[in-house]
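> here is my input; please provide its structure:
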Amino acid sequence: MLEEIKKALGFLKAGKVILYPTDTIWGIGCDATLSKSVDRIYKIKQRYESKSMIVLLDQPENLTKYIEKVPPIAYDLIEMYHEPLTIIYPKAKNIARNVIPEDGTIAIRIVRDEFCRKLIAELGKPLVSTSANISGQPAPITFSKIPDEIKNAVDYVVDHNRNVVIRTKPSTIIRILNNGEFEVIRK
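As a prediction, the model looks like this:
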């Protein structure tokens, strides 16, 4: 695993796009602070920029680097949920402009998967994560179901957990509202 992290890290630091296993499904990713890399993901997925993407972080403590003010309820939710949880926060900062939708929010998931956590920690920046499919097509639940079109379009395909079904359903999504309350968007 450490050798794969090292290889993927080299590509990410060079602004490249990778295909990698996450704590939910296989994802297409890049350094979430690099607009040109994010643009490539939109092109690979044939997706409009108006559809936002999720960002992955390794530790809750790093939220303050990318959100103007982290609502205290966020830490409680992260601790409470044992399944993958994506939270939509108001007022994103220090993220590539094309990852942030018009309303200024950002969707962030703190990963528990060891590979992802270590990769993000080594990069020192968040990763974009979007399903490994063409926009509008079903998200593949195993590596073997990822279209060759996607595999051939990225700069590096991680050789870790290719034969493992990680999780067959996407993360729960919760939106934190400006008043500090929250709503469940997807269970």
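> point out where the chain drops to low pLDDT.
48-50, 162-169 (pLDDT under 70).
> in it, which spans are strands?
18-21, 26-29, 54-57, 85-89, 106-110, 127-131, 156-157, 172-176, 182-186 (DSSP state E).
> out of those strands, the one nearest R40 is which?
strand 26-29 (9.1 Å; CB to CB). Yep, even glycine has a C-beta here, placed from its N, CA and C like the rest.
> ok, and the closest non-adjacent residue to the residue positioned nearest the centre of the chain?
Centroid-nearest residue in the chain: S129, 2.7 Å away (criterion: CA atoms, centre = their mean). Spatial nearest neighbour of S129, excluding adjacent residues (CB to CB, 6 or more residues apart in numbering): G27 at 4.1 Å.
> do the same with A121
Per CB to CB, 6+ apart, closest to A121 is D58, 4.7 Å.
> cool, and R175?
I88 (4.2 Å).
> and for P21?
N161 (4.2 Å).
> list the contacts for that neighbour?
P21, F115, F143 (CB atoms under 8 Å, 6 or more residues apart in numbering).
> check Q137 too.
Neighbours of Q137 in contact, by CB under 8 Å, 6+ apart: P147.
> likewise K16?
So, once contact is read as CB under 8 Å, 6+ apart, K16 ends up touching C30, S37, V154, D155, Y156.
> how close does it sit to D31?
9 Å (CB to CB, to the nearest Å).
> can you check L19 too?
Distance from L19 to D31, by CB to CB: 15 Å.
> repeat that for L77.
Separation of L77 from D31 (CB to CB): 26 Å.
> now L85
From L85 to D31 the distance is 23 Å (CB to CB).
> comparing these two, which residue is more hemmed in?
D31 (23 against 18; other CB atoms under 10 Å).
> okay, now I18: neighbour count?
22.
> okay, and the beta partners of the closest residue to I67 other than its chain neighbours?
The shortest distance from I67 to any non-neighbouring residue, by CB to CB, 6+ apart, is to Y89 (4.6 Å). Assessed by DSSP bridges, Y89 has beta-bridge partners I106.
> quick one: residues contacting Y89.
Y89 neighbours (CB under 8 Å, 6+ apart): L63, I67, V70, P71, A74, T105, I106, A107, I108, I176.
> please, a ChimeraX command that selects the buried ones among those?
Per 16 or more other CB atoms under 10 Å, the buried members of these correspond to this ChimeraX selection:
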select :63,67,70,71,74,105,106,107,108,176
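> quick check, nearest of the contacts of Y89 to I95?
The closest of the contacts of Y89, once distances to I95 are taken by CB to CB, is I106, at 6.0 Å.
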